[in-house]
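Participant: can't give you the sequence, but here's the structure:
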C-alpha cells in the first residue's frame, strides 16, 4: 500500500523522461538545420575567389598599375627637386621593388656595401624572418652611403639597427604621392606600389623569372608571371627581343 506517500525516486525520473520525450522529435530537424548552415558556410569561399584573381593583374578600373617609360623619366626628373631623404627613399623603392613598409624598416645593417646588395625582410609572409637579397645600382649605394654614412653606422652597435627613414607609413606615402603628382603620373600607378610594379615589369623583360620572383619576395612564380602581361612600349620591347633572336 502506498498510504498516501509518494516515491521520491519516481518523481525525479519523470521530468527527465518527459524532457527526453519532448526533445527526441526535434533532433532530426536540428541536424537538418545544422547541415544547411555548414553547406552555406562552405559555399562562401567560392564566391570570394573571383576578386582575388582579379587583383593579381597590372590593370585596374583606374588604368595601369605601373609607370611606362615616359612616366619614369618624368618621375626621376621630379625627384631632383626633392630633399635627399625623399629622393633616396623613392629611388630605393624604384630600384629594389620593395614595399613601402619594407623600405621604412631598412637599417644600416641591411646594406652590404662590398657586394652592392640590400637585405629586405619580406613582410607579406606568414613566416617571419624571410629575408631576400636584391642588388642595387652602384650610384644608389654610393649616394645612400654618403647621405647617412652607412659604413660608420654599421660599426656602431647603437646605430646599426636604427631605421634610415623615421617616417610613418602615411608620411612616406604622402611624399611619394607628391612626387607622382608633380611628375604628372595619374591613374592606378600614382602610388608607392606603382614603383614596385614598375620594377617588376622592367626586370621581367631582361631577368629570368625565378630571379624576379626572389627579388620581389613572391611565394609563387604564378604571382610573378603577371609582370609579363604588359602593353604599349613594354610589349613592343618583348617583340624586339624576339626579332633580334630570330
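Facilitator: All right, it came through fine. Quick caveat, the model's predicted, so the values are computed rather than measured.
Participant: Let me see the mean pLDDT of the host helix or strand of residue 146.
Facilitator: Per DSSP states H and E, residue 146 falls inside helix 138-148. Averaged across helix 138-148, pLDDT comes to 96.
Participant: All the helices of this structure, in order from the start?
Facilitator: 8-23, 27-55, 69-79, 84-96, 100-104, 138-148, 150-155, 169-182, 192-204, 209-216, 221-224, 233-245 (DSSP state H).
Participant: hmm, who's touching the fifth one?
Facilitator: Outside of helix 100-104, the residues within contact range by CB atoms under 8 Å, 6 or more residues apart in numbering are 89, 92-93, 96, 120-123, 163, 165, 167, 169, 172-173, 176, 192-193. Where you see a C-beta, it was placed from the backbone N, CA and C, and this is true even at glycine.
Participant: Tell me the buried residues in it?
Facilitator: 100, 102-104 (16 or more other CB atoms under 10 Å).
Participant: What's the per-residue pLDDT of residue 59 here?
Facilitator: At residue 59, the model reports a pLDDT of 81.
Participant: what about the residue nearest to residue 84 when sequence neighbours are not counted, how many neighbours?
Facilitator: Take residue 84 and drop its neighbours on the chain: the residue closest to it by CB to CB, 6 or more residues apart in numbering is residue 147, 5.3 Å away. Using other CB atoms under 10 Å, residue 147 has 13 neighbouring residues.
Participant: got a list of what residue 147 touches?
Facilitator: For residue 147, the contacting residues are 84-85, 88, by CB under 8 Å, 6+ apart.
Participant: With residue 151 instead?
Facilitator: 113, 145.
Participant: repeat for residue 112
Facilitator: Residue 112 sits in contact with 118-119, 133, where contact means CB under 8 Å, 6+ apart.
Participant: export the residues you listed to JSON lines and tack on distance to residue 233?
Facilitator: Output for those, formatted as JSON lines (distance: CB to CB, whole Å):
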{"residue": "118", "distance to residue 233": "28"}
{"residue": "119", "distance to residue 233": "33"}
{"residue": "133", "distance to residue 233": "30"}
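Participant: Pick out the one among those with the largest number of neighbours.
Facilitator: So for those (other CB under 10 Å), the most neighbours sit at residue 118, 22 neighbours.
Participant: How confident was the prediction at that one?
Facilitator: pLDDT for residue 118: 96.
Participant: what does residue 11 give?
Facilitator: The confidence metric pLDDT takes the value 50 at residue 11.
Participant: quick one: low-confidence parts of the chain?
Facilitator: Where the chain drops to pLDDT under 70, the residues are 1-55, 242, 245-246.
Participant: If we use 50, what do you get?
Facilitator: Regions of the chain meeting the criterion pLDDT under 50 cover residues 9, 12-16, 19-20, 23, 43-54.
Participant: Quick one: buried ones out of the contacts of residue 147?
Facilitator: If you count burial by 16+ other CB under 10 Å, the buried members of those come out as residue 88.
Participant: and which of the contacts of residue 147 is nearest residue 243?
Facilitator: Nearest to residue 243 among the contacts of residue 147: residue 88, at 37.7 Å, using CB to CB.
Participant: From residue 163, how far out is that closest one?
Facilitator: 13 Å (CB to CB, to the nearest Å).
Participant: Can you pull the residues that touch both of these two?
Facilitator: By CB under 8 Å, 6+ apart, no residue touches both residue 88 and residue 163.
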